[in-house]
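Chemist: Predicted model and sequence follow; I will ask about them next.
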Amino acid sequence: MGGPGIIDGQPHTETDNFQKCSFKIKDIEYYSAENYFQAQKATNPQDHDRVRQSGCGADVWMAGSGIKLRPDWESVKVQVMYEGNKAKFDQNPNYAEQLKNSKGRVTFAVSSPFWNKWNGLIMERIRAEIRQNGKEDEETAKEIKAKMDKYKEEN
């Protein structure tokens with residue numbers, strides 16, 4: 001499930017995949033990063049639209065859990081979560097500013113071990129890309145992208 005990431009001991013609601021917000025990808029409006037993620041599982045436009053229109057919280061999670069998964073889902077799911085969150089932060093400057101100004105490791109503890117790990121890495125990559133504060137951010141983004149690419153290759 002969702003929940004905010006913890007940065008320097010404080011919850012950061014902007015990192016929550018279930019956080020209600022609006023953004024567009026390919027001219028389609030989504031209502032949270034989770035909404036985008038769950039809709040991308042679909043193998044047909046009808047399931048995609050039904051899931052997308054189900055909301056942004058537990059309802060979208062349930063809707064996405066009940067559809068046939070696209071055949072490459074296991075290999076692309078980390079990238080899809082990144083894409084949804086990247087669009088969320090790119091199109092919601094207040095969230096981007098909050099993440100940009102945070103420091104320290106981003107940790108999650110409310111989801112599965114798999115998503116606790118990947119959500120933290122995704123947020124750290126996006127923060128480095130937003131911040132663009134020199135070599136350290138460049139290296140962080142590059143290293144996490146390489147981990148994501150490796151995951152895709154291996155799955």
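Modeler: It's in.
Chemist: which element is Ile6 on?
Modeler: Per DSSP states H and E, Ile6 falls inside strand 5-7.
Chemist: repeat for Arg50
Modeler: Using DSSP H and E, Arg50 falls in helix 45-52.
Chemist: Leu121 now?
Modeler: helix 113-131.
Chemist: pLDDT (mean, whole number) over that helix?
Modeler: The average of the pLDDT scores along helix 113-131 is 97.
Chemist: How about stretch 24-40?
Modeler: 98.
Chemist: In that stretch, which of the residues would be classed as buried?
Modeler: Residues 25, 30-40 are the ones in stretch 24-40 that count as buried (16 or more other Cβ atoms under 10 Å). In short, each C-beta sits where N, CA and C put it, glycine included.
Chemist: Can you list the strands that the strand holding Ile6 pairs with?
Modeler: Looking at strand 5-7 with DSSP bridges, its partner strands are strand 10-12 (antiparallel), strand 106-107 (antiparallel).
Chemist: what mean pLDDT does the last one have?
Modeler: The average pLDDT within strand 106-107 is 96.
Chemist: tell me which strands and helices the helix holding Arg50 is in contact with?
Modeler: For helix 45-52, the packing partners by 3 or more Cβ pairs under 8 Å, 6 or more residues apart in numbering; DSSP states H and E come out as helix 33-39, helix 58-65.
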